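[1] Sequence below, structure please.
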Amino acid sequence: MVEICNLVEGRIVRRANRFVLEIEVNGKVERAHLRDSGRLTELMKPGNRVLVRPKKREKTSYEVFVIFDEYVPVVVNSSIHTDIAVEILEGEGYRIEGREVKAGRSRIDLLVSRDGVPRLVEVKGCTLVRQGVALFPDAPTERGVKHVREIMERGGMIFFLVMRNDARVFMPNQETHPEFARVLMEARENGVDVRAALLRPELQEDCLTIKFERYLPVEFPEEL
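    Just a heads-up that it's a prediction; the model follows:
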């Protein structure tokens, strides 16, 4: 379980740029750091609730952790992805051998081992759910394609974290990035372990806890 405390509630005013939200907190408009470079189109609605944590002001006064999709809390902070993945994998008996490991022309999130066998693990956060289907990516990601190819070449795992609790299945977002969907399917056909972990964000007072609930089925569009 990952826990973040000292959160305060605000409302979205607008997305100022890729990494900054303008939010209203206690009647005042503030700038908040958004650690998610996706489009987040379904979440970026003026008035949507957000949970943020105060930070020492640099260019922003807060850091965003949650945006609500109506009543569903969606975690939108990539800084905690690796910690969540580590907790899940350690619970399955994996040993963490390294983080931000160089592989070819990329850096891969984790190097793990179990029974003496090393594996590279690339972690991706998924925030988009439509009609119970978790979809990644929500914007074209050439970097994501490169990471999948690096893992396919060396063997390992692509680990998707579904950062909300309302999905029943995971699928690559062919409509948004057909190449990513094709490469991911090719990777699985070549032995890459493709996983999608459903997470349950829960709120109590000013704290957010994020728990691993279960693995989702990973499916692919029929026309690939």
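
[2] only C-alpha atoms for contact and neighbour calcs from this point on.
    Fine.

[3] Run through the helices of this protein in chain order.
    For the chain, applying DSSP state H gives helices covering 81-91, 142-154, 178-189.

[4] among those, which is nearest residue 113?
    Taking CA to CA, helix 81-91 is the member of the helices of the chain nearest to residue 113, at 9.9 Å.

[5] Not counting its neighbours along the chain, what's nearest the residue nearest the centre of the chain?
    Closest to where the C-alpha atoms of the chain average out (CA atoms, centre = their mean) is residue 125, at 1.5 Å. Leaving aside its chain neighbours, residue 125 sits nearest to residue 161 (4.8 Å; criterion: CA to CA, 6 or more residues apart in numbering).

[6] Tell me what the one you found is bridged to.
    On the basis of DSSP bridges, residue 161 is bridged to residue 125, residue 197.

[7] Tell me how far it lies from residue 126.
    Distance of residue 161 to residue 126, given as CA to CA, to the nearest Å: 6 Å.

[8] Residue 53 now?
    Distance from residue 53 to residue 126, by CA to CA: 21 Å.

[9] Residue 39 now?
    Counting by CA to CA, the gap from residue 39 to residue 126 is 12 Å.

[10] Look at the two and report which has more neighbours.
    Shown here are residue 39 and residue 126; by other CA atoms under 10 Å, residue 126 has more neighbours (25 against 14).

[11] OK, contacts around the more buried one?
    Contacts for residue 126 (CA atoms under 8 Å, 6 or more residues apart in numbering) come out as 134, 135, 136, 137, 160, 161, 162, 163.

[12] Quick check: pLDDT value at it.
    Here, the pLDDT recorded for residue 126 equals 97.

[13] go on, the one 5 residues further on?
    The score at residue 131 is 96. That number is its pLDDT.

[14] Same check on residue 152?
    94.

[15] again with residue 223
    65.

[16] picking that back up, so which of the helices of the chain comes closest to residue 105?
    helix 142-154 (8.4 Å).

[17] May I have the phi/psi pair for residue 42?
    Main-chain dihedrals, residue 42, degrees, to the nearest 10: phi -70, psi -20.

[18] List the contacts of it.
    69, 128.

[19] ditto for residue 20
    31, 32, 33, 34, 60.

[20] Those residues in strands, which ones?
    Using DSSP state E, the subset of the contacts of residue 20 located in strands is 31, 32, 33.

[21] Nearest to residue 178 among those residues?
    Minimum distance to residue 178 across these is 29.9 Å, recorded for residue 33 (CA to CA).

[22] Identify the bridge partners of that closest one.
    Bridge pairing for residue 33 (DSSP bridges) gives the partners residue 20, residue 63.
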